[in-house]
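Asker: just need the structure, nothing else, for what follows:
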Amino acid sequence: MQSIAKSAKPKYLIDEKGNKKGIVLNFREYNKILELIEDLEDSNDLLRAEREATSFIPYDKFRKTWLKN
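Answerer: Reported below is the predicted structural model:
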């Protein structure tokens, strides 16, 4: 799978002096970037939860408790 950064073909919006002021992506590229951001946010949330956890419950015990409710 090719990275988004290498496969994206942005078009730049420039001002009258030739300075880049914005980027136009096609809808597919935009959606790929949003998905990547969501995945990174989820990963960050998981790492934070692991760091801040005071204890862990084995999955089987959690599942049995959760299914009762």
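Asker: who are the packing partners of the helix or strand of the chain with the lowest mean pLDDT?
Answerer: Least confident element among the helices and strands of the chain, by mean pLDDT, DSSP states H and E: helix 4-7 (a mean of 72). Here helix 4-7 touches helix 27-52, going by 3 or more C-beta pairs under 8 Å, 6 or more residues apart in numbering; DSSP states H and E. Every C-beta, even on glycine, is put in place using the N, C-alpha and C of the backbone.
Asker: same question for the helix it packs on, mean pLDDT?
Answerer: Averaging pLDDT along helix 27-52 gives 93.
Asker: following element in sequence after that helix, please.
Answerer: Using DSSP states H and E, the helix or strand that follows helix 27-52 in sequence is helix 59-68.
Asker: how far does that following helix sit from the chain's center?
Answerer: 29 Å (C-alpha atoms, centre = their mean, to the nearest Å).
Asker: start the count at 39, not 1, going forward
Answerer: Sure thing, new numbering starts at 39, so read that last one as helix 97-106.
Asker: could you export stretch 47-63 as CSV, CA atoms only?
Answerer: Provided in CSV are the C-alpha atoms of stretch 47-63 (Å, rounded to 0.1, in the frame of the first residue of the first chain):
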residue,chain,number,x,y,z
LYS,A,47,-1.7,14.9,-5.8
PRO,A,48,-2.7,18.2,-4.2
LYS,A,49,-3.4,21.3,-6.2
TYR,A,50,-2.3,24.5,-4.5
LEU,A,51,-4.1,27.8,-4.2
ILE,A,52,-1.7,30.7,-4.5
ASP,A,53,-2.1,34.4,-3.9
GLU,A,54,-1.1,37.1,-6.3
LYS,A,55,2.5,37.0,-5.0
GLY,A,56,2.8,33.2,-5.7
ASN,A,57,2.6,32.2,-2.1
LYS,A,58,0.8,28.9,-1.3
LYS,A,59,-2.3,29.7,0.7
GLY,A,60,-4.4,26.5,0.4
ILE,A,61,-4.6,23.0,-0.9
VAL,A,62,-7.3,21.3,-2.9
LEU,A,63,-7.5,17.5,-2.7
